[in-house]
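[1] next come a sequence and a model predicted from it.
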Amino acid sequence: MKNLTSEQIRQLNSYSVYLTEPVHPLFTLQDLLHEQKTLDCLNAVQVVSGSPNLTVAASFMMRRVGMFVAMQFYNLAAYGDIWEGDASKLSFGAIEEYGNRTVSLYADATDWQPIDDDAHEEAIRKILRHAHAVIKQLRTVTSVSPLTLWENIFGFLLWQYHVLLGNPATSMEARIDLDILKDDQTWTGIASRSLFANYLQGCEPSDLLNTTVRTTCCFSKDVPGLIQCGFCPLK
């Protein structure tokens, strides 16, 4: 167990990850990954978000999960920490943010652990495996494209690595982690090649900000209160 600093907690909150119990709990990550509960979880997300159908709700859900995934990569580069919690202790709850109803994540403060510098590769594989498990499970109840769901994560990573690489205090660690993410071997068991390297198309993250880097639409334009994202290929 590691005591999180006030700055780390602030960073978690900026990714809509909170260290309290949800006031309006919906389900846990364990529930979401349970083959008999996934549909009920997604139905709850559709109601909370106002999404018009389950496909849009699945994409909306993956954007929220994507924030949690991106937060883990930030913590890894900036603090050398990784989330090591149990799926039954990671909760999703309904909350209002910026005037919109949404779904946020609630974690246990004791579930972050420091790791050694030489353990980043395995830590990144673990984060990607967790994301892959959610994507596979969501697709058992919807026809949403897996590429759409991965791109929902990658959009957050673009901004994040833009910030991390531009900060002398984190640039070295961020570059190491980014190179691992771009390595095909890191994606073994998930994809035949690095999906993030394919997304970057040889560019630096900073080069792709405010561009139509996505190849699929995330449907944020179809969720009440949200707008078309800046990466949308439909622009």
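    Nice, thanks for sending it over. Numbers count the residues shown, from 1 in each chain.

[2] Trp112 contacts Ile82, doesn't it?
    Yes. The criterion here is Cβ atoms under 8 Å, and Trp112 meets it with Ile82 at 7.1 Å. In this view, the C-beta of every residue, glycine as well, is placed from N, C-alpha and C.

[3] tell me, what's touching the two both at once?
    Counting by Cβ atoms under 8 Å, 6 or more residues apart in numbering, the contacts common to Trp112 and Ile82 are Asn75.

[4] and the longest helix along the chain, average pLDDT?
    Counting by DSSP state H, the longest helix found in the chain is helix 54-79. Computed over helix 54-79, the mean pLDDT rounds to 95.

[5] elements contacting it?
    helix 6-14, strand 17-18, helix 38-49, strand 81-83, strand 100-106, helix 120-138, helix 146-165, helix 171-181 (3 or more Cβ pairs under 8 Å, 6 or more residues apart in numbering; DSSP states H and E).

[6] if we go to 7 Å?
    helix 6-14, helix 38-49, strand 81-83, strand 100-106, helix 120-138, helix 146-165, helix 171-181 (3 or more Cβ pairs under 7 Å, 6 or more residues apart in numbering; DSSP states H and E).

[7] redo the ones you listed as a markdown table? Include distance to Ser192.
    Output for the helices and strands packed on helix 54-79, formatted as a markdown table (distance: least, Cβ to Cβ, whole Å):
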| stretch | distance to Ser192 |
| --- | --- |
| helix 6-14 | 33 |
| helix 38-49 | 26 |
| strand 81-83 | 26 |
| strand 100-106 | 30 |
| helix 120-138 | 13 |
| helix 146-165 | 13 |
| helix 171-181 | 16 |
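
[8] now those as CSV including distance to Ser206 and mean neighbour count?
    Below are the helices and strands packed on helix 54-79 laid out as CSV (distance: least, Cβ to Cβ, whole Å; neighbours: other Cβ atoms under 10 Å):
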stretch, distance to Ser206, mean neighbour count
helix 6-14, 19, 14
helix 38-49, 31, 19
strand 81-83, 25, 21
strand 100-106, 27, 20
helix 120-138, 20, 19
helix 146-165, 5, 21
helix 171-181, 12, 18
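
[9] got any ranges where the chain has weak pLDDT?
    The chain contains residues with pLDDT under 70 at 1-2, 235.

[10] which residue lies farthest from the center of the chain?
    Using Cα atoms, centre = their mean, the residue of the chain lying farthest from its centre is Pro168. It sits 24.6 Å away.

[11] that one sits in which helix or strand?
    Assigned by DSSP states H and E, Pro168 belongs to no helix or strand.

[12] nearest residue to the middle of the chain?
    The centroid of the chain falls nearest to Gly66 when counting by Cα atoms, centre = their mean (1.6 Å).

[13] any idea what Ser91 is bridged to?
    Note on Ser91: beta-bridge partners Thr28, Tyr106, judged by DSSP bridges.

[14] my guess is it contacts Tyr106. True?
    Yes. Between Ser91 and Tyr106 there is a contact under Cβ atoms under 7 Å: 4.3 Å.

[15] overlap in contacts of these two?
    Pro22 (Cβ atoms under 7 Å, 6 or more residues apart in numbering).

[16] rewinding a little: for the helices and strands packed on helix 54-79, which one sits closest to Asp207?
    helix 146-165 (9.1 Å; Cβ to Cβ).

[17] what lies in contact with that closest one?
    Here helix 146-165 has contacts from 59, 62-63, 66-67, 69-70, 73-74, 77-78, 131, 135, 138-139, 170-171, 174-175, 178, 195-196, 199, 205-206, 208-209, 214-216, 218, 229, 231, using Cβ under 7 Å, 6+ apart.
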